[in-house]
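[1] Prediction below, plus the sequence it came from.
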Amino acid sequence: MELLQFVISGLATGSIYALIGLSFAIIFNSTGIINFAQGEFVMLGGVLTICAITLLKLPLLAAILAAVAGTTLVGIIFERFAIRPLKNATPLSLIIITIGASILIRGVVMLLFGKDTQALPAFSGTTPIEVGSATLLPQHLWIFGVTILVIIGSRLFFHHTITGKAMRACSFNRRAASLVGISVWRMVLLSFVISSALGSLAGVIIAPLTMTAYDVGVMLGLKGFCAAIMGGMGSGLGTVLGGLILGILESLGAGLLSSGYKDAIAFFILLLILFVRPQGLFKKGETERV
Amino acid sequence: MAKKKKVALKSDKIKFLVFCLVVLLAPLPFAKGYLSNVLIFVGVNSMLALGLNLLLGYAGQISLGQAAFFGLGAYGSGVLTTQFTMNPWLAMVLVAVSVALFAFLIGFPVLKLKGHYLAMATLGVGIIANIAFNETVDLTGGPSGLSGIPNLSIGGFTFDNDLKNYYLVWGFALVAILLSLNLVNSRVGRGLRAIHDSEVAARVMGVNARIMKVQVFTFSALISALAGSLYAHVVTFISPTSFSFAVSVELLTMVVIGGLGSVYGSILGALLLTLLPELLRAFQDFDIIVYGLLLISMTIYLPGGLVRGIPELFRRLVPARRGNA
């Protein structure tokens, strides 16, 4: 009985992890960077929406659009001023830079908007819908809907548009891509645009369920990264499945074992996968070239 | 060549002795002041930064979970001395050995990973440890912390004020520095630097990269655990926030800003970043922003850290001297 309820809420948070995982994978595939500031984009989505509603008195939809646009702008600035100056950086300096950016973004948000936890109103009420023995919130449906749309959209974009194909070409081989006339730096910038927009969207749709504050990004970002690792850092179905599995396991673990260890479960799974199948759950291994 | 090396070693020794002297005299101007309290934490952070620098700066292996070892050391000592009334020194040894063993065991699967994956795995270890500190309320007191940890004492002599604790902590720190200096100038140190440049090349040259990485990981965990035990006995109160992900990041900042692959760079970084929040106290919340900005701009403009950046800057500002020579 309760099981179904856990699975439903697990699927909802899992969808969020999947979206964040996808946004991780998009930057990783075009630049080879794991963006430790990804979680801050998610946080910005929620926080900026609340600000747009309370300060600018915008209606919900406009507020969401403004928040996504604002976050995307942050993503562009980040790429332009922190990533692009380092042309031949080692993974280490990139890790440190993105960590620095994440601290900076969090700090600015904390100073501007305060440390309080705030809630975004649910998009279409909070009347629960009965599903068998469990209940579903309208917000859950929003989350599922947006996730499905994003998956279909990204599939169409990456496989059926010329720009999407060019971005995939960059992830396979940057030099070859630039030799056939693809502007690699433009693709990198575009990947930051898509990724920050996607991350903030995830942050917006989860905010009514979990509340939001300046510091929610770290955990959400790391969970999204777990999802991406489970999917083998691909930008496809593997990451989505990874996110959903993680969400369900976490929700079951919290419900059946102990809610205090909820986050530990996610990281335990992450370690297990890294140790046993570092190439992801659904991918074949690749040999590394030196 | 041999002679040159001997000279280099001799200058290393002099450098270390000068450093010892500085440490010895540093607290005298403000013996009773609040700064000597801060200098104790510089010592603790120096040990932690040094441990991370051996791993990161020399072997090129990132760890975002150093706070876990620091915390295990502190909580190990704290719990054993308060809940089980064990002798603090015995507890310290016991905890250091167990933490080192723990690091050794997880070192094999963890250090098989590279780059971002290694960063994430160590981060995972750190977060799991922090959750454990929060959740095992019976032992650790959970989020409200563990208090009443006794000060260390030898015979009838108790380390119960800032000055005594300063010399206690720095005594340990100096031993750690000496050991590290010897380590990096040994065959192991050269092997580690070879791994840093190219692990495959190092292995082809006969460096057992796998074991060596695990060894340095274990050593860095050992130093961190000792720093944790000292911290617990000096402060006498510990809570999980002192061992969070943010602390691991702070240590990373110290190492990067001080200078990767430099023993004294770690100390310089620890000194700077421990004093910085005290200097920025007037702005309280701004320190997080200064942190982020420092981290980004230092990585972009001073990739070698202060320890290399300052002499470089000096050379650039005084070009005439180099021209004459």
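    Alright, I've got the coordinates.

[2] rest of the way, CA atoms for contacts and neighbours
    Fine.

[3] Return the residues of chain B in contact with chain A.
    Within chain B, the positions adjacent to chain A are B:62, B:109-110, B:113, B:115-117, B:121, B:124-125, B:127-128, B:131-132, B:135, B:200, B:249, B:285-286, B:288-296, B:299-300 by C-alpha under 8 Å from any C-alpha of the partner chain.

[4] so where is the stretch 1-150 of chain A shaky, pLDDT-wise?
    A:1, A:87-88 (pLDDT under 70).

[5] Now do the strands in it.
    Secondary structure of the stretch 1-150 of chain A (DSSP state E, counting those that start in this stretch): strands at A:129-131, A:134-136.

[6] re the thing from before, so how do I select the buried members of the residues of chain B next to chain A in PyMOL?
    PyMOL command restricting these to the buried ones, with burial defined by 16 or more other C-alpha atoms under 10 Å in any protein chain shown:
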select buried, chain B and resi 62+109+110+113+115+116+117+121+124+125+127+128+131+132+135+249+286+288+289+290+291+292+293+294+295+296+299+300
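
[7] Just to be sure, which of the residues of chain B next to chain A are found in helices?
    B:109-110, B:115-117, B:121, B:124-125, B:127-128, B:131-132, B:135, B:200, B:249, B:288-296, B:299-300 (DSSP state H).

[8] Confirm that B:N182 sits in a strand.
    No - under DSSP: H, G, I helix; E, B strand; the rest coil, B:N182 falls outside any strand and is assigned helix.

[9] Residue of chain B closest to chain A, please.
    For chain B, the residue closest to chain A is B:G292, as judged by C-alpha to the nearest C-alpha, at 4.3 Å.

[10] who's in contact with that residue?
    When contacts are counted by C-alpha atoms under 8 Å, 6 or more residues apart in numbering or on different chains, B:G292 touches A:99-104.

[11] swap the cut-off to 7 Å and go again
    Listed by C-alpha atoms under 7 Å, 6 or more residues apart in numbering or on different chains, the contact set of B:G292 reads A:100-101, A:103-104.

[12] same deal with B:V184?
    Going by C-alpha under 7 Å, 6+ apart, B:V184 touches B:R190.

[13] Figure out how far stretch B:40-49 is from the centre of its chain.
    Between the centre of stretch B:40-49 and the centre of its chain there are 6 Å (C-alpha atoms, centre = their mean, to the nearest Å).

[14] Need the contact partners of that stretch.
    Residues from elsewhere that reach stretch B:40-49 (C-alpha under 7 Å, 6+ apart): B:165-166, B:169-170, B:173, B:176, B:223-224, B:227, B:231, B:251, B:254-255, B:266-267, B:270-271, B:274.

[15] same deal with stretch B:168-176?
    Residues contacting stretch B:168-176 (C-alpha under 7 Å, 6+ apart): B:40, B:43-44, B:47, B:230.

[16] For it, buried residues please.
    Those buried within stretch B:168-176 under the rule 16+ other C-alpha under 10 Å are B:168-174, B:176.

[17] I'd like the distance between B:S244 and B:G43.
    From B:S244 over to B:G43 the distance is 19 Å, taken as C-alpha to C-alpha, to the nearest Å.

[18] The two: who's more crowded?
    Taking neighbours as other C-alpha atoms under 10 Å in any protein chain shown, B:S244 and B:G43 compare with B:G43 leading, 28 against 23.

[19] mind checking which helix or strand that one is in?
    Using DSSP states H and E, B:G43 sits within helix B:35-53.

[20] what do you get for B:L101?
    Going by DSSP H and E, B:L101 is in helix B:88-111.

[21] Summarise which helices and strands that helix is packed against.
    helix B:66-82, helix B:115-135, helix B:209-235 (3 or more C-alpha pairs under 7 Å, 6 or more residues apart in numbering or on different chains; DSSP states H and E).

[22] Save those as CSV, and put in mean pLDDT too.
    Below are these laid out as CSV (pLDDT from 0 to 100):
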stretch, mean pLDDT
helix B:66-82, 95
helix B:115-135, 89
helix B:209-235, 94
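
[23] Highest mean neighbour count out of these?
    The highest mean neighbour count among the helices and strands packed on helix B:88-111, using mean count of other C-alpha atoms under 10 Å in any protein chain shown, belongs to helix B:66-82: a mean of 27.

[24] Alpha carbons of that helix, in PDB - could you do that?
    The C-alpha trace of helix B:66-82 is given here as PDB (Å, rounded to 0.1, in the frame of the first residue of the first chain):
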ATOM      1  CA  GLN B  66      39.300  15.100   3.500                       C
ATOM      2  CA  ALA B  67      36.800  16.400   6.000                       C
ATOM      3  CA  ALA B  68      35.700  12.800   6.500                       C
ATOM      4  CA  PHE B  69      39.100  11.700   7.800                       C
ATOM      5  CA  PHE B  70      39.400  14.900   9.900                       C
ATOM      6  CA  GLY B  71      35.900  14.200  11.300                       C
ATOM      7  CA  LEU B  72      36.600  10.500  12.000                       C
ATOM      8  CA  GLY B  73      39.700  11.500  13.900                       C
ATOM      9  CA  ALA B  74      37.900  14.100  15.900                       C
ATOM     10  CA  TYR B  75      34.800  12.000  16.600                       C
ATOM     11  CA  GLY B  76      36.900   8.900  17.300                       C
ATOM     12  CA  SER B  77      38.900  10.700  20.000                       C
ATOM     13  CA  GLY B  78      35.800  12.600  21.200                       C
ATOM     14  CA  VAL B  79      33.600   9.500  21.600                       C
ATOM     15  CA  LEU B  80      36.300   7.200  23.000                       C
ATOM     16  CA  THR B  81      37.400   9.700  25.700                       C
ATOM     17  CA  THR B  82      33.900  10.900  26.700                       C
END
